[in-house]
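Asker: Give me a 3D structure for the following:
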Amino acid sequence: MQQSAESTYQLDGTLLEICSCGVPCPCFIGEDPDGGECLGVIAFHLDKGRIGDQDVSGRTVVNVAHIPGNALAGGWRSVLIIDDEATDDQYNALVSAFSGQLGGGLADLAGLVGELVAVERAPVIHEVNQASGQFRIPGIVEAQISPIQSSPDGTTATLRDSAFSTIKDAPAYIGKSSGYRVNLPNHDMSWSFEGRNSIQTAWHMEHQP
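Answerer: You can find the predicted model right below:
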């Protein structure tokens with residue numbers, strides 16, 4: 001089902017960023033990436049959500065991105081991946097919203113993408129909580145993440161109110177990937193790193209035309 005330009009959306013869940021930057025990623029606070037570019041995976045897992053009349057609760061949308069400089073300057077080269085448990089109607093609604101066709105904050109986010117290389121469906125294994133766990137798209141993305149617990153009481157280090165925060169005062173948990181690999185050679189997007197950034201935070205986005 002094609003969503004109209006007048007469709008509303010309300011989405012709640014988590015944002016997980018895994019990337020090539022050091023810990024923590026300077027992009028997340030609006031600064032330039034380490035090494036001049038950021039090779040990232042940004043996963044939006046929707047604990048609950050609705051786009052128009054479509055319930056999209058439980059779905060995950062992943063943006064695999066080459067960010068050529070400051071993230072807020074745009075020019076991202078991206079592949080959008082929708083988890084393959086989405087129905088056709090959920091898939092169409094999610095693609096419409098996350099490609100910016102429905103306006104609102106997601107259109108602002110989509111506006112950072114200079115080239116949407118492809119939109120694909122794939123199984124997504126998202127088992128990350130507070131920057132701890134594994135994230136996998138078999139054959140495409142593999143990442144093992146551990147939290148940064150540098151405080152005397154072992155609490156996970158956090159950021160708040162950063163450039164990509166959508167909920168006031170919500171902590172963004174800082175982690176480090178022990179292994180992080182993207183394998184999309186058909187789109188010239190393949191890389192592998194160890195000991196690099198991961199951040200996870202609660203996420204909210206809504207739009208009422």
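Asker: Can you identify each of the helices in the protein by residue range?
Answerer: Applying DSSP state H to the chain gives helices spanning 88-98, 104-110.
Asker: residue nearest the centroid of the protein?
Answerer: Ile42 (2.1 Å; C-alpha atoms, centre = their mean).
Asker: contacting residues around Gln144?
Answerer: Gln144 sits next to 134, 177-180 when contact means C-beta atoms under 8 Å, 6 or more residues apart in numbering. Heads up, the C-betas are built off the backbone N, CA and C, glycines and all.
Asker: is the residue nearest to the centre of the chain in a bridge, and if so with what?
Answerer: Glu17, Asn63 (DSSP bridges).
Asker: which one in this structure is furthest away from the centre?
Answerer: Going by C-alpha atoms, centre = their mean, the residue of the chain most distant from its centre is Pro152, 30.3 Å out.
Asker: Asp169 reaches Ser162, doesn't it?
Answerer: No. Checked against C-beta atoms under 8 Å, the pair Asp169 and Ser162 is beyond contact range at 11.6 Å.
Asker: Comparing the two, which shows the higher neighbour count?
Answerer: Per other C-beta atoms under 10 Å, whichever of Asp169 and Ser162 has more neighbours is Ser162, with 15 against 7.
Asker: pLDDT score assigned to Pro152?
Answerer: Turning to Pro152, the model gives it a pLDDT of 89.
Asker: Can you report phi and psi for it?
Answerer: For Pro152, the backbone dihedrals are phi -60, psi -30 (criterion: degrees, to the nearest 10).
Asker: what do you get for the one 5 residues further on?
Answerer: Per-residue torsions, Ala157: phi -60, psi 140 (degrees, to the nearest 10).
Asker: Leu184 reaches Gly139, doesn't it?
Answerer: No. The criterion here is C-beta under 8 Å, and Leu184 misses it with Gly139 at 9.6 Å.
Asker: between the two, which one's more packed in?
Answerer: Between Leu184 and Gly139, counted using other C-beta under 10 Å, the more crowded position is Leu184 (19 against 10).
Asker: Ala65 contacts Ala43, doesn't it?
Answerer: No. Assessed by C-beta under 8 Å, Ala65 is found out of contact with Ala43, at 11.3 Å.
Asker: Strands of this protein, residue ranges please.
Answerer: Per DSSP state E, the chain carries strands over the ranges 9-18, 38-51, 54-55, 60-67, 76-83, 113-122, 125-128, 133-137, 141-147, 158-159, 172-184, 189-193, 196-207.
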